[in-house]
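Asker: With the input below, show me the fold.
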Amino acid sequence: MEYFDLHFDTLYRIKTENLAPYSQELSVTPDELKAFDKFSGFMAVWVPDCIRKDDAFRFFEDCASIYNKFFKSINDDRYKFYLSVENGSVIGGDISKISALKEYGVKAVTIVYNEDNELGSGAFSDSEFGLTAKGIEAVKEFERQDIVVDLSHSSVRTFYDVAENSSKPIIATHSNSYSLCPNRRNLTDEQFKIIRDSGGVVGVNFYPPFLCSEPESATIYDVIKHIYHFLSLDGENTVCIGSDFDGCDALKTLDRASKIPVLYESLLKHGFNEQLIQKILYYNAQNFITRF
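Answerer: Predicted structure coming up:
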């Protein structure tokens, strides 16, 4: 089968836990990917909110070095990794660093993480001031450099400010439906439609607190419910998967890349036809990255 994952944090774990890329503790490894005929994905560098300014960029560079050493070299017709950054704090408010990200091969940047940074306010910020003037400048420069702006983790105000100031497709790499699970990290129906209409994509993730209000009881059926809800919003060409592997305590039935076939089989059992499943698991994301 073919699979495209819009967000996983394996690089962060390799760096911060000093793990080998083949470690069985990781959810995404070359061995795990043997389950797929083709695998593509956004390999994110998560920059925690506590790392700021020049330290944030140095942290990114360390993770990018791991990517270049262990993963970039296995990019071929079967495996394709795209480097991304989770937290616009990586540039420390310095717009000139965006060109440096481009040189490293970064394809997408999550504009904020959970708290405020130099560019805007995050999903769990109490201020919710939206994009700063520097943030507006950054959005335009990201797009000029063909770097996708990711709105997962954005506050409501930041989301709408980005939508207003963007001229290219915007995405949410790992966000679920607020209608089904009213968590600040999830997308309202209106927000989903804005991403859809921009030509962007949305990745459904596997973190139980974003799947249902009683996370301890979350099952793979909750993942399917979020997919189905987004499909009901004319999202057939928009819905993808953004697992958040290695960045969260994922649903136990879907906590490793090699378990994605379980989701495939569950979708089949719930009446999804094979062509639609292939779009959700691979082609929607693949088509997006080819177009952008």
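
Asker: Just the buried positions in the helix ranked longest in the chain, please.
Answerer: Identified as the longest helix of the chain according to DSSP state H is helix 53-70. Residues of helix 53-70 classed as buried by neighbour count (16 or more other Cβ atoms under 10 Å): 56-57, 59-60, 63-64, 66-67, 70. Every C-beta, even on glycine, is put in place using the N, C-alpha and C of the backbone.

Asker: Also stretch 155-169?
Answerer: By neighbour count with 16+ other Cβ under 10 Å, stretch 155-169 contains the buried residues 155, 157-163, 165-166, 168-169.

Asker: and if you look at stretch 17-34?
Answerer: In stretch 17-34, counting by 16+ other Cβ under 10 Å, buried: 19, 21, 26-29, 32-33.

Asker: ok so, going back, which is the next helix or strand following the longest helix of the chain?
Answerer: As assigned by DSSP states H and E, the chain's next helix or strand after helix 53-70 is strand 79-86.

Asker: and I241, backbone torsions?
Answerer: Dihedral angles of I241 (phi, psi; degrees, to the nearest 10) stand at phi -120, psi 130.

Asker: Could you single out the nearest of the buried residues of stretch 17-34 to A250?
Answerer: Closest to A250 out of these is S27 (7.2 Å), distances taken as Cβ to Cβ.

Asker: what residues are up against that closest one?
Answerer: 8, 10, 243, 245-246, 250, 255-257 (Cβ atoms under 8 Å, 6 or more residues apart in numbering).

Asker: swap the cut-off to 6 Å and go again
Answerer: 245-246, 256-257 (Cβ atoms under 6 Å, 6 or more residues apart in numbering).

Asker: ok so, going back, got JSON lines for the buried residues of stretch 17-34, with distance to N284 and pLDDT too?
Answerer: Shown next, in JSON lines, are the buried residues of stretch 17-34 (distance: Cβ to Cβ, whole Å; pLDDT from 0 to 100):
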{"residue": "L19", "distance to N284": "31", "pLDDT": "97"}
{"residue": "P21", "distance to N284": "28", "pLDDT": "93"}
{"residue": "L26", "distance to N284": "26", "pLDDT": "98"}
{"residue": "S27", "distance to N284": "22", "pLDDT": "98"}
{"residue": "V28", "distance to N284": "20", "pLDDT": "96"}
{"residue": "T29", "distance to N284": "25", "pLDDT": "93"}
{"residue": "E32", "distance to N284": "22", "pLDDT": "94"}
{"residue": "L33", "distance to N284": "20", "pLDDT": "93"}
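
Asker: hmm, which two among those are most spread apart?
Answerer: Top of the distance list for those (Cβ to Cβ): L19 and L33, 16.3 Å.

Asker: circling back: from the buried residues of stretch 17-34, which single one is nearest V45?
Answerer: V28 (13.8 Å).

Asker: buried set for stretch 275-286?
Answerer: Buried, per 16+ other Cβ under 10 Å, within stretch 275-286: 276-286.

Asker: Strands of the stretch 1-150 of the chain, residue ranges please.
Answerer: For the stretch 1-150 of the chain, the strands defined by DSSP state E, counting those that start in this stretch cover 2-8, 38-46, 79-86, 106-110, 148-150.
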